[in-house]
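Student: Could you look at this predicted model? Sequence included:
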Amino acid sequence: MEAKTSLLDNMIGVGDMVLLEPLTEESFINNLKNRFDHSEIYTYIGSVVISLNPYRPLPIYTADKVEEYRNRNFYELSPHIYALADEAYRSLRDQDKDQCILITGESGAGKTEASKLVMSYVAAVCGKGQEVNKVKEQLLQSNPVLEAFGNAKTVRNDNSSRFGKYMDIEFDFKGDPLGGVISNYLLEKSRVVKQPRGERNFHIFYQLLSGSVHPSQYTPININPSKHVIGGLHHGFRLVSQNAMQIVGFMEDEVQSVLELVAAILKLGNIEFKPESRVNGFDESRVKDKNDLKEMCELLGIEQSALERAFSFRTVEARLDKVSTTLNVAQAYYARDALAKNLYSRLFSWLVTRINESIKVRGLRKKVMGVLDIYGFEIFEDNSFEQFIINYCNEKLQQIFIELTLREEQEEYVREGIEWTNIEYFNNAIICDLIENNQNGILAMLDEECLRPGTVTDETFLDKLNTICADHQHFESRLSKNSKFLTDHTLPHNCFRIQHYAGKVLYRVEGFVDKNNDLLYRDLSQVMFKANHSLMKLLFPEGNPNKVNLKRPPTAGFQFRASVGTLMKNLLTKNPNYIRCIKPNDKKAAHIFTESLVCHQVRYLGLMENVRVRRAGYAFRQAYEPCLERYKMLCKQTWPHWKGPAREGVEVLLTDLQIPNEEFSYGRSKIFIRNPRTLFTLENKRAQCLEDLATLIQKIYRGWKRRTEFLLMKRSQVVVAAWYRRYAVRCSLILFLLMSLEDTGFLCARKILRELKYQKRCQEAVTTIAAYWHGTQVRPPRYKTCIPPFQMQKYFLELKKTLPSMSPIDKSWPARPYLFLEGAHTELRRIFHLWRCKKYREQFTEQKKAIFEEKLEASEIFKDKKTLYPSSVGQPFKGDYLEMKTNPRYQKLNNLVEEKVILADIVNKINRANGKGAPRVFLLTKINLVLADHKTGQMKVRTAKGDFLLSSERLIEIITKLHLSMFRATLFIPLRFLVQFKQDKVCVKFLQGGPKNGNSATCKRKNNRLLEVSVPSP
């Protein structure tokens, strides 16, 4: 039965934009709006998922939905993010293809929620088990921890990710998660000290402050500092993130250290400075209120005077020279903010590293699924260095999206043997080159400007851009050599504009140099390194006075460009899966669809180009088996079952439907349909055929139902008629008998009754006489007299009291009281013995039965044949005398023997060369005999047959078990036999010894050919 929620069944709008007719931007937006109004937030472009943020919870993420999309074809059900997650997971598990899921879109489009949905689905469908569940829980709980420290409320999103995150989840060969690795990109640390209007700082500060006992004492400055925050340190934090940190693997002391550091950053914001004049005429900064400085130093274990000096003086080192300069108030505030930003950003990097230590895979990496959740394209009123870096990253992602989409399309056509038609599209490589070119790129010029000697300002950087990038078609500046921008009043003098793939963005150059330098005075680094706090030395390794590095640290732009390059190389090695997130409105409200906003996002995401690329060759493709299964009812030759190959069935089907050849092509494993109208024609014919089939099924069912009712009525009529006829015949017979009785009369009936009674009395008399006669014939002549019943009763009561024990070897039996009971007394003795033997046998366990069977077999072999046999009867057969399984000395030898060991003992192996014996470990299995060294346990012999001369104290047990393992082969116990010693044969003869020999066997050599062995008498 086909699913009711199929992509092509009961569609609201068009589920796959590739099938949209006609394909225009207006029809594209209207289709998204139509589906959004009906709570259908997911739409496909081939294998790409478009996701609209509904800004409200929807009942489409339940456990039932997970099971519905589990192990289903991508196009089998209606569009859903679970379908893409399932397709990626099954490709990784079944085909060993590393996967990456790229989630893109602008801030507030739902990227973070989409990544969490993907991870929760993968966690739900993979394997179970205590260790697997622990790994899954750690991977899932890493999100709340990073969200607390890396997300913030913005004007566009209440939970906006202010950092980029890429997580590699690693799986074993079964598809169970083993662990993962998280990479973070460009935390927006400037938010710690300054937030745009209407936005907030990172969540962790508010979670921490929610537990404060004096919330009114916080001063309203940018980093939301606190007074007396430590009093309620854990209350609000525990409710949100502390449990997640414990699940991930953070220790209590580590959580405490993190909270202390966050609180210290809040205290740092309370520190204010005042100017103080010096004799040289320059102003020197001083801390205005030292109480806040003292509290911060107590939190971090810092010497207060050292930190106070670092805020007032700066030491510059140049080789062997050190110069100390004073800091004015502005420079002191810059140092304070730089310290706050560095503290927070380094703490965040340490958190990521600590999480990676908990979730990393021990051993070789197996299969990998990467999930990329990175900030979307941003266009604000005031765009600075952060937006420039973010938009550069999105340009790189758009570039890789175009390349991988076209490459995937082309590879599929080549793989299926279909001709590929190239299509024109916008390639943003020129924009990426404008930003990242090593010589003339904006980032390279910014680094060059930051590193050159002399006066460096944002204006000098802009002048350099105006000189080098003036002729670039995607760069605009009011002061450039290009005259067409001289009169553009929308372009201020201190700004430049780049025409990104998503549109033009105006960047204010103020702060570019400082943010790219990202300098922290060495005095502050050294003070932080000397702190007694457990994390400070890890966060500020450059502050170690023993490892002073005068080399300038890499700039922020250089580091980010390198990390983005590494990310791109990583993504190119994996099979991509795309989720394009779209924000329906700017109000963060449900049920509102702003067409102009959605249209802008559709344009800069390149979704129309994606559809055109998908439709450049063929709009729809499907494997032959599901295609034939879906449309086979349209052709009489393929309905109801096609017995040949699926491709031949599809060819017969399309030929019968008379579809033009230019509308489709046959691939190696798929059918490709060029025009969506052809697919819709097939769907319309299928819908009509389904109606006809439904009518036919109804007709057949109704006919069957009426026929069944008729046959039931017919059978009922036959049964009623039969019963009626029987009733009529019975009534006729009774009437006939009554009439006959009336004719014979009453006297005749009485006569018949008397005759019957007489016959009965005669039969009873004959039976009684015959019984007495047979009794006299059976009873012996001398006992014709009856035995009194009391004598029999007395006999049995006495017998009950004098019964012997239940031991089978007890041969006693009570004396016979009466001579006439001779036969019965003997029979009762035999019956009692058999009964107690049966009771005795029922007490045996299976192990005991086996021992007795071996003893019985030994009796048959050695009784009256071997002198030492009687002494062995009372000794149980233990078998494993060496305790092979528990004795560590023989553990290695036990592992080498694959079969079950029947007997293990130490024997002496006689050397035929000199007649001397050497101890050997003797192992006997059902198919092999093993001899091993007694000391080392090294195996010497392992064979199923051979000629050995052995000596053992447990000869009877060894020969018996050997006999049983050889399926009771014939054994010979001769009194004399020949033994080969070197080149001579010696005859060994056994004799019965006398009392003078004692209890041991003695050997006497008669000549070179005869050896007599005297065995003591038993």
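Tutor: Yep, that arrived.

Student: make it CA atoms for all contacts and neighbour counts henceforth
Tutor: Noted.

Student: Now do the phi/psi pair for Met867.
Tutor: Actually, residue 867 is Thr rather than Met. Per-residue torsions, Thr867: phi -70, psi -40 (degrees, to the nearest 10).

Student: cool, and Leu929?
Tutor: As for Leu929, its main-chain torsions (degrees, to the nearest 10) stand at phi -120, psi 130.

Student: That one and Lys940 touch, don't they?
Tutor: No. Under the contact definition of C-alpha atoms under 8 Å, Leu929 does not touch Lys940, with a separation of 10.7 Å.

Student: Counting neighbours around each, name which of these two comes out higher.
Tutor: Using other C-alpha atoms under 10 Å, the more surrounded residue of Leu929 and Lys940 is Leu929, with 18 against 11.

Student: measure the more buried one to Phe922 for me?
Tutor: Going from Leu929 to Phe922 by C-alpha to C-alpha, to the nearest Å gives 8 Å.

Student: next one: Ile430
Tutor: Taking C-alpha to C-alpha, one finds Ile430 at 82 Å from Phe922.

Student: more crowded one of the two?
Tutor: Using other C-alpha under 10 Å as the criterion, Ile430 and Phe922 rank with Phe922 on top: 23 against 13.

Student: part of a helix, is the more buried one?
Tutor: No. Counting by DSSP: H, G, I helix; E, B strand; the rest coil, Phe922 is not found in a helix; it is strand.

Student: Would you pull up how far the helix or strand hosting Leu343 lies from the middle of the chain?
Tutor: Taking DSSP states H and E as the definition, Leu343 sits inside helix 329-359. Distance, stretch centre to chain centre, for helix 329-359: 35 Å (C-alpha atoms, centre = their mean, to the nearest Å).

Student: continuing past it, what's the next helix or strand?
Tutor: strand 367-373.

Student: now that following strand: how far from the chain's centre is it?
Tutor: Computed by C-alpha atoms, centre = their mean, the chain-centroid distance of strand 367-373 equals 15 Å.

Student: again, but for stretch 563-579
Tutor: Taking C-alpha atoms, centre = their mean, one finds stretch 563-579 lying 23 Å from the centre of the chain it belongs to.

Student: same check, this time on stretch 685-705
Tutor: Using C-alpha atoms, centre = their mean, the offset of stretch 685-705 from its chain centre is 45 Å.

Student: Buried residues, it. List them.
Tutor: By neighbour count on 16 or more other C-alpha atoms under 10 Å, the buried set for stretch 685-705 is Lys685, Arg686.

Student: Output it as PDB, nothing but the C-alphas.
Tutor: Output of stretch 685-705 as PDB, limited to C-alpha atoms (Å, rounded to 0.1, in the frame of the first residue of the first chain):
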ATOM      1  CA  LYS A 685      -3.900   9.200 -15.800                       C
ATOM      2  CA  ARG A 686      -2.900   7.300 -12.700                       C
ATOM      3  CA  ALA A 687      -5.500   9.100 -10.600                       C
ATOM      4  CA  GLN A 688      -8.200   8.300 -13.200                       C
ATOM      5  CA  CYS A 689      -7.000   4.700 -13.300                       C
ATOM      6  CA  LEU A 690      -7.200   4.500  -9.500                       C
ATOM      7  CA  GLU A 691     -10.800   5.700  -9.700                       C
ATOM      8  CA  ASP A 692     -11.600   3.000 -12.300                       C
ATOM      9  CA  LEU A 693      -9.800   0.400 -10.200                       C
ATOM     10  CA  ALA A 694     -11.700   1.500  -7.100                       C
ATOM     11  CA  THR A 695     -15.000   1.200  -9.000                       C
ATOM     12  CA  LEU A 696     -14.000  -2.200 -10.200                       C
ATOM     13  CA  ILE A 697     -13.100  -3.300  -6.600                       C
ATOM     14  CA  GLN A 698     -16.400  -2.000  -5.400                       C
ATOM     15  CA  LYS A 699     -18.300  -3.900  -8.100                       C
ATOM     16  CA  ILE A 700     -16.500  -7.100  -7.400                       C
ATOM     17  CA  TYR A 701     -17.000  -6.700  -3.700                       C
ATOM     18  CA  ARG A 702     -20.700  -6.000  -4.000                       C
ATOM     19  CA  GLY A 703     -21.200  -9.000  -6.300                       C
ATOM     20  CA  TRP A 704     -19.200 -11.200  -3.800                       C
ATOM     21  CA  LYS A 705     -21.300  -9.900  -0.900                       C
END
